[in-house]
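Peer 1: this one's sequence-less:
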């Protein structure tokens, strides 16, 4: 902190200008200039970096000095695998996640991610993971694959906030009771 009490932070700007020119950015901010979209993206990186970084093509982030010397298909596969692993390890807030972020969740493709966002915009906040089953195309297998990675804060079931799969709620409640933990 400086003598005047001014606080600041440094945000990596890699890929921000690339993102601002994408169709996704234009869809999200149809009335904003490209420079303003870049600024919004940079500000959002402070709030939720993962949600913003998944909107950017990994090669645009400058993943290494020699990234153009390697096989681009293999590089893309490796970067996608790493991003998918990170997204699923951290989990995703179902009520705020973008299509881009949701598409990295196990079992969810771009089409299903869009259906989830459309449902949320039409119906409102998700109150439980079970509500996902109301979305057209969300079959039992897809639900089983994705449900444990999607979080709902302030919903009907406290366990929806954690990376506990709904299939394991019964066991989680028994363990919580045994340990005298309120759920």
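Peer 2: In hand now; what should we look at? Keep in mind that what you see is a predicted model, and the values were worked out from it rather than measured.

Peer 1: packing partners for the biggest helix by length in the chain?
Peer 2: Criterion DSSP state H: the longest helix present in the chain is helix 72-90. Counting by 3 or more Cβ pairs under 8 Å, 6 or more residues apart in numbering; DSSP states H and E, the packing neighbours recorded for helix 72-90 are helix 49-53. C-betas here are computed from N, CA, C, even on glycine.

Peer 1: for this protein, what spans make up the helices?
Peer 2: 16-20, 23-28, 34-47, 49-53, 72-90, 99-102, 110-123, 140-146, 169-178.

Peer 1: want to try TSV for those, with mean pLDDT and distance to residue 3 as columns?
Peer 2: Listed next are the helices of the chain as TSV, based on pLDDT from 0 to 100; distance: least, Cβ to Cβ, whole Å:
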stretch	mean pLDDT	distance to residue 3
helix 16-20	86	31
helix 23-28	90	38
helix 34-47	91	24
helix 49-53	89	30
helix 72-90	90	38
helix 99-102	95	40
helix 110-123	97	46
helix 140-146	97	51
helix 169-178	94	50
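
Peer 1: what's the closest of the ones you listed to residue 160?
Peer 2: Comparison of the helices of the chain against residue 160 by Cβ to Cβ identifies helix 169-178 as nearest, at 9.1 Å.

Peer 1: Which positions within that closest one qualify as buried?
Peer 2: Of all the residues in helix 169-178, those buried under the rule 16 or more other Cβ atoms under 10 Å are 169, 172.

Peer 1: and for that helix, what are the contacting residues?
Peer 2: Helix 169-178 is contacted from outside by 157, 159, 164, 181, 182, 183, using Cβ atoms under 8 Å, 6 or more residues apart in numbering.
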